[in-house]
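Trainee: A structural model of the following input is requested.
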Amino acid sequence: MATVASWVAWRCRQRLRLSSIPLPAIIAAVLFSTPMVFAMERGQYDLVTVPIVIGALAIMRRESRMAQIVAGGLLAIAPWAKVYPGLLGIGLVGLRRWDAMISFAVVGLVIGASMPGEARGWLANNDLVMAQAKYLSQMEPITRVHPWNHSLSENWPRIWSGTPMRFLGRINGYIATAAILGPMLAWVSWQMFRCRRRQLLVFPYL
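Mentor: Residues are numbered from 1 along each chain as shown. Next up, the predicted model:
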């Protein structure tokens, strides 16, 4: 899945006429990158969302309304595999793909409503994991950032401990993360919304 994503990125660079990078170099850079190695070592399954996105984009190239609805519905599967791709909904707004966005929201809600037990189980499991993470974090108060917890929001107070700017650690981690990432997401999405040739940038954007 990572290799296929690398190939799609390589093809996208060609269409955008960016500097030429050999395909083997791109594949090697992806496969041996720190996020990739970390995910493989942890048995993470983030990559299952990649073929979903690639498949949806292939369908989305057709301008028919039905194709947009199908593509949005396919993308709705991704957040139920891994929660972060829920941001794809914002991406569809930036792309002005209204039919796909509505389909994304509706199908996502239908999936959740059809499996209420699974949804409750996920929430309960998430609370358990976060409670364990906070417990382990309190056991090692000196360590600034735990290598097993890559969450910016959870590590926020630790980042600033022992620094002249430690007062920033008093800010709620979720608010701080939203304040950092929110404006970047909004700015890029706004640029895509205004772009006349946004179709060329769909893959790197999503």
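Trainee: neighbours of M184, just the number please.
Mentor: The number of residues packed near M184 is 9, by other C-beta atoms under 10 Å. The C-beta positions use only the backbone N, C-alpha and C, and glycine is treated the same way.
Trainee: S6 too?
Mentor: Taking other C-beta under 10 Å as the definition, S6 ends up with a neighbour count of 19.
Trainee: how far off centre is the helix or strand hosting it?
Mentor: In the assignment (DSSP states H and E), S6 maps to helix 2-15. Averaging C-alpha coordinates over helix 2-15 and over its chain gives two centres that are 18 Å apart (C-alpha atoms, centre = their mean, to the nearest Å).
Trainee: mind giving me the packing neighbours of it?
Mentor: Using 3 or more C-beta pairs under 8 Å, 6 or more residues apart in numbering; DSSP states H and E as the contact criterion, the elements in contact with helix 2-15 are helix 23-31, helix 49-60, helix 202-205.
Trainee: next SSE downstream of the lengthiest helix in the chain?
Mentor: Among the segments of the chain that qualify as a helix by DSSP state H, the longest is helix 116-139. Where DSSP H and E defines the elements, the next helix or strand beyond helix 116-139 is helix 152-160.
Trainee: check which helices and strands that next one sits against.
Mentor: Using 3+ C-beta pairs under 8 Å, 6+ apart as the contact criterion, the neighbours of helix 152-160 among helices and strands are helix 116-139, helix 173-194.
Trainee: redo those helices as a markdown table? Include distance to I90 and mean pLDDT.
Mentor: Written out in a markdown table, the entries for the helices and strands packed on helix 152-160 read as follows (distance: least, C-beta to C-beta, whole Å; pLDDT from 0 to 100):
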| stretch | distance to I90 | mean pLDDT |
| --- | --- | --- |
| helix 116-139 | 21 | 81 |
| helix 173-194 | 6 | 94 |
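Trainee: okay, those in TSV with distance to P204 next?
Mentor: Rendered in TSV, the data for the helices and strands packed on helix 152-160 read as follows (distance: least, C-beta to C-beta, whole Å):
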stretch	distance to P204
helix 116-139	30
helix 173-194	10
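Trainee: of these, flag the one that's most buried.
Mentor: Here the criterion is mean neighbour count by mean count of other C-beta atoms under 10 Å, and of those the winner is helix 173-194, at a mean of 13.
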